[in-house]
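[1] how would this look folded up:
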Amino acid sequence: MAQAKNTICIWYDKDAEAAANFYAETFPDSAVTEVFRAPADYPSGNAGDLLTVAFTVAGVHCIGLNGGPAFGQSEAFSFQIATDSQEETDRYWNAIVGNGGQESACGWCKDRWGVSWQITPRTLTDALAAGGDEARHAFAAMMEMCKIDVAAIERARRG
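    Coordinates of the predicted model:
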């Protein structure tokens, strides 16, 4: 398989393959494509250990690196998944949070590996793009939410 010109590399302690498999099972246009084992011992592992896993998340090429505990995840990086309905929003949110993840504010959550996700209904991004009162009302409603409530955002858009 040809390597993508630009690939996101995500550092995991030791569970890159489990994370990649979860993403592939959860999001459309996602798959685990290759697994690479370490050819020799390295600081946080041994020869033969899973070193990296190539995968896609909603069409985005990624590499998961089992780099050990030296670096943790941060909200400075997140996947943003656009949704078209409350059902789709709930499905992704519940999959992430229900698999050992945790809720945060304004449509953000973390998976059990600490990777941040924004589960963002298109009605919210459309409202923010509209500007003016519509954006202000939708933004104010969003600020009170953890998981985004599509109906509440639509009501807020109308003022």
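
[2] can you count the residues close to the residue nearest to residue 115 when sequence neighbours are not counted?
    Nearest-residue entry for residue 115: residue 73, 5.4 Å, with adjacent residues in sequence omitted and distances by C-beta to C-beta, 6 or more residues apart in numbering. Glycine gets a C-beta too; all of them are placed from N, C-alpha and C. A total of 17 residues lie near residue 73 under the criterion other C-beta atoms under 10 Å.

[3] Moving along the chain from the longest helix anywhere in the chain, name the first helix or strand you hit.
    In the chain, taking DSSP state H as the definition, the longest helix is helix 86-98. Moving toward the C-terminus from helix 86-98, the next helix or strand (DSSP states H and E) is strand 102-103.

[4] taking the mean pLDDT, what do you get for stretch 97-105?
    Along stretch 97-105, the predicted confidence averages to a pLDDT of 98.

[5] try stretch 110-125
    Averaged over stretch 110-125, pLDDT sits at 98.

[6] Could you list the buried residues of it?
    110-121, 123-124 (16 or more other C-beta atoms under 10 Å).

[7] ok now it, how far from the chain's centre?
    Mean-position distance between stretch 110-125 and its chain equals 6 Å (C-alpha atoms, centre = their mean, to the nearest Å).

[8] same check, this time on stretch 96-110
    Its chain's C-alpha centre lies 10 Å from the corresponding centre of stretch 96-110 when counted by C-alpha atoms, centre = their mean.

[9] And the helices in this structure?
    Across the chain, reading from the start of the chain, the helices by DSSP H fall at 16-26, 86-98, 122-130, 132-142, 150-157.

[10] what does the domain assignment say about the chain?
    What the record gives for the chain is the domain set 1-71, 73-159, from automatic domain parsing.

[11] Perfect, that will be all.
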